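# Model the following, please.
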Amino acid sequence: MDLAVRDRILASILDWAEAHGDVVAVVQTGSLARNDGDADAWSDIDLEIIVRDPVSLADDDGWIGTIADLVIVLRLEQDGWPTRLAIFEGGVKVDFTLAGRPRLQRMIDRRHLIPLYERGYRVLLDKNGIAKDLPAPSHSFPVRSLPSGGDFRRRVEEFWFEAFHVPRYLARGDLFLVKQRDWTMKELLLEMMEWHAITHGATPADVWHLGTRMQRWTDPDTWQELQRTFGRFDAEDARRAFEETTRLYGRLAREVAHTAGFRYPEAVEAKIRATFLQRP
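This is a model prediction of the structure:
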């Protein structure tokens, strides 16, 4: 990505915000606002547009196309606020959160930043001075907590419930269904990897969302085993990857259970595994 293009688009956004009468402030979050050295040429621009009427700005979002040549925009909602994820010509992606003044006012009144802001933020525009009263960021990450013993068991059982289906789909040749179940299992595997990093790391682990920077927070053995859990779109390799996935999950979950004092549902795994060998 051309950094000059990214800078020009950010400048154009600020020009638009300065001219828009309802915009109160613009706050930058994300990697470009943090001091952890993770920002690079591929980093998105993450902006919170603080506006008097976020819904109005979201309902009539043609303003995005006035900033620069727009390729596509995705319309979502996050934390109760409208979001617009825009990709501009040149490959620049901007994530807009359209929020009202209460977004900032709650943090000011409580003297406590939400985790996104605590990691780092920059005030790029503050028309009436509201953002100046925000607490300074600590540039720290929230320490993830472990589940209760009951929730741990429920998530492990969910993994084995999903695993139950895969050998049957393989036997039928339903490879797309195999991939669908496999991805649900992978999401549960990621969760267990996070819990494992929390319980077995020498220092607090920053298990950032969706496996971001995973190689930094997981242990080398798990990282290597993970490489073998993804398979091709054929039955033989899908079965191999499935077996590696269940093996890795079982190891991690047992180690988490041992460290955290949870009970691992051995009988559930054993009975589900027994069905893998069943034939019609």
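# pLDDT weak spots in the stretch 1-150 of the chain?
Residues of the stretch 1-150 of the chain meeting the criterion pLDDT under 70: 1.
# Please enumerate the strands of it.
Per DSSP state E, counting those that start in this stretch, the stretch 1-150 of the chain carries strands over the ranges 23-29, 45-51, 70-78, 81-88, 92-99, 122-126.
# Of those strands, which stretch is the most buried?
strand 45-51 (a mean of 24; mean count of other Cβ atoms under 10 Å). For glycine as for every other residue, the C-beta is placed from the backbone atoms N, C-alpha and C.
# Export only the CA atoms of that strand, formatted as PDB.
What follows is strand 45-51, C-alpha atoms only, in PDB (Å, rounded to 0.1, in the frame of the first residue of the first chain):
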ATOM      1  CA  ILE A  45      -7.400   3.500   9.400                       C
ATOM      2  CA  ASP A  46      -9.700   3.000  12.400                       C
ATOM      3  CA  LEU A  47     -11.700   6.100  13.200                       C
ATOM      4  CA  GLU A  48     -14.500   6.900  15.600                       C
ATOM      5  CA  ILE A  49     -16.600   9.700  14.200                       C
ATOM      6  CA  ILE A  50     -18.300  11.300  17.200                       C
ATOM      7  CA  VAL A  51     -21.400  13.000  15.900                       C
END
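# Sheet partners, orientation included, of that strand?
The pairing partners recorded for strand 45-51 under DSSP bridges are strand 23-29 (antiparallel), strand 92-99 (parallel).
# Nearest to Y117, out of those strands?
Among the strands paired with strand 45-51, strand 23-29 comes nearest to Y117, with 6.6 Å by Cβ to Cβ.
# For the residue nearest the centre of the chain, report the pLDDT, please.
By Cα atoms, centre = their mean, the chain has its centre lying nearest to H209, at 3.0 Å. Per-residue confidence (pLDDT) for H209: 79.
# ok, now the one 5 residues further on?
The confidence metric pLDDT takes the value 91 at M214.
# My guess is it contacts E194. True?
No - the criterion here is Cβ atoms under 8 Å, and M214 misses it with E194 at 9.3 Å.
# give me the number of residues near V268?
As a burial measure, V268 scores 15 neighbours (other Cβ atoms under 10 Å).
# Let me see the contact set for it.
156-157, 160 (Cβ atoms under 8 Å, 6 or more residues apart in numbering).
# In which helix or strand does it reside?
helix 266-275 (DSSP states H and E).
# Using CSV, write out every CA atom in that helix.
What follows is helix 266-275 as a C-alpha-only set of coordinates in CSV (Å, rounded to 0.1, in the frame of the first residue of the first chain):
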residue,chain,number,x,y,z
GLU,A,266,-13.1,-37.9,29.5
ALA,A,267,-16.2,-40.1,29.1
VAL,A,268,-17.7,-37.7,26.5
GLU,A,269,-14.6,-37.8,24.4
ALA,A,270,-14.2,-41.5,24.7
LYS,A,271,-17.8,-42.2,23.6
ILE,A,272,-17.7,-39.7,20.7
ARG,A,273,-14.4,-41.2,19.5
ALA,A,274,-15.9,-44.7,19.6
THR,A,275,-18.5,-43.5,17.0
